[in-house]
Every structure is written in structure tokens, then in C-alpha cells.
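Colleague: Got a predicted structure here, sequence first:
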Amino acid sequence: MKAPMIYELSHPEKIIPGKKYPALFVMHGIGSNEKNMISLVNGLEESFYIFSVRGHLSQPPGFAYFTIEGYGKPHRDVFDEAILKLKSFIDYACEEYPLDQSQIYLMGFSQGAIVSMTLGLTLGDKIKGIIALSGYIPAFVKEEYPIHTGHNLEAFISHGEFDQVLPFDWGKENAEFFKKLGIPVTFKAYPEPHTVSEENYCDFHKWLKNNLNN
């Protein structure tokens, strides 16, 4: 079966026949690519199958998952297509690789955080955890998408207090939206711009490992 999207894969060095492994799907920011996210997940390949997924749209110097019509407003049809493509890719990975489908995680930065949260809000019990770094939830997702979060979803949401691209308040709103749905949320704020600091890196690695073992 041909993969619906381009991706980089890393996994435990020794694969045990018949064993199912947790999976982490990683999505990059606008103008970036699947290789640029690898440094954020270094070491996690000892526990996970990690799929770093390239956006299907060209956005020099890299790629994107969707285009925007205004500040915080993705083009709806382009965004819908991206979500369908990413759903299809997750299904593809679950069919092609030995994944434990009760331990599927999504992680993203900026655009990648936006699509990760949207997928987590709509894929029900398929998703166990979300790591959303500096993103937002589009208004039409909150208002018009079918929200189905399943029973075991948890989220790690972080945002820079001095984010010059996506306002810090949007990060707080993300956390509040998930909390109102009854989803356990760890929200972290950092005195940083639109980036992932060393402290943020350490915090979400710790959260992910703890959640995996619960």
C-alpha cells in the first residue's frame, strides 16, 4: 500500500516479532519539513514508532498542511483536505506497521499543533495523547467539526508568553477548550517567543513518558 504522505520513520533498534509498539505522529510548522522535527523527538524512538509527516503543500523553503485567508483563519477547504490526508496517513501507518492502536500520540509545532489538536478532537478513541506546541484551534473546528474525543485522551499544551506569531492567549484558550470537554490538560507557559525552548522540550518528554506508562 502506497503511503498517502511523505514521512520519516524511526523506531526501536531491535524490533520484537509479534510485539505492538506505541506510535508518535509528528507534524511540523509552516515552511518547515519532516526532518526539522527529528531533533525534538530524539531518544523517543527507543519506545515509539515515530512518524514525522511532511505537509503536502509547497511552502518555500519547506512545506505546509494548509493555507490561511487571515490571521488565525485557515482556508476551510484546504484545511479539511489536510485533516482527511492526515487521518488517511494514520490509518495507513496502523495497517503497515506493528502499532499498539491504544497508544497513538500526536505532536506538533505551530501548524503541526493546530492539526494535532484538530485530529485529537475528532478521532475519538484512536488517540491517547496530544502534544500541542504553540498552536490554536480554528473557530470552525470548535463550532462545526464533529467533536469526538474518546475516553482516554490527555493533552500537553504549551505556548510562549512572548510569541510574536500566535498570541499567548490563544494557547490558554486551547487549554480551556480541552478542559471544558473534560479532558485532562497539562498547560505550560514559557518566557519565550514562537519556539520550543529547552525547558519546553524537557517538559513534554517527561509528560509523554509518564503518560505512556499510565
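Modeller: Received it, and whenever you're ready, just let me know what you need. Numbers count the residues shown, from 1 in each chain.
Colleague: What segments of the chain are helices?
Modeller: Taking DSSP state H as the criterion, the chain contains helices spanning 76-96, 111-122, 139-144, 168-180, 198-212.
Colleague: in stretch 79-98, what counts as buried?
Modeller: Neighbour-count burial for stretch 79-98 flags 79-80, 82-83, 85-86, 89-90, 92-93 (criterion: 16 or more other Cβ atoms under 10 Å). C-beta here means a position set from N, CA and C on the backbone, and glycine is covered the same way.
Colleague: again with stretch 35-44
Modeller: In stretch 35-44, counting by 16+ other Cβ under 10 Å, buried: 37, 40-41, 44.
Colleague: quick check, distance from that stretch to the centre of its chain.
Modeller: Taking the mean of its C-alpha atoms, stretch 35-44 sits 13 Å from the chain's own mean (Cα atoms, centre = their mean, to the nearest Å).
Colleague: pLDDT averaged over that stretch, what's the number?
Modeller: Throughout stretch 35-44, pLDDT has a mean value of 95.
Colleague: Any chance you could list what contacts that stretch?
Modeller: Identification of contacts with stretch 35-44 by Cβ atoms under 8 Å, 6 or more residues apart in numbering yields 8, 10, 24, 26-28, 48, 50, 52, 62, 107, 109, 112, 196, 201, 205, 208.
Colleague: swap in stretch 147-156?
Modeller: Outside stretch 147-156, the residues that touch it by Cβ under 8 Å, 6+ apart are 102, 117, 120-132, 175, 178, 181, 183-186, 188, 203-204, 207-208, 211.
Colleague: same thing but 6 Å
Modeller: Stretch 147-156 is contacted from outside by 121-122, 124-125, 127-131, 178, 181, 183-186, 204, 207, 211, using Cβ atoms under 6 Å, 6 or more residues apart in numbering.
Colleague: if you skip the residues just before and after it, what's nearest to residue 32?
Modeller: residue 62 (4.6 Å; Cβ to Cβ, 6 or more residues apart in numbering).
Colleague: The one you found touches residue 30, doesn't it?
Modeller: No. Here residue 62 does not reach residue 30: they are 7.8 Å apart, not a contact under Cβ atoms under 6 Å.
Colleague: re earlier: buried ones among the contacts of stretch 147-156?
Modeller: 121-122, 127-131, 178, 183, 185-186, 204, 207, 211.
Colleague: strands paired with the worst-scoring helix or strand of the chain on mean pLDDT, and their directions?
Modeller: The helix or strand of the chain with the lowest confidence, counting by mean pLDDT, DSSP states H and E, is strand 68-70 at a mean of 92. Sheet pairing here is set by DSSP bridges, and for strand 68-70 it gives strand 73-74 (antiparallel).
Colleague: Sounds good, over and out.
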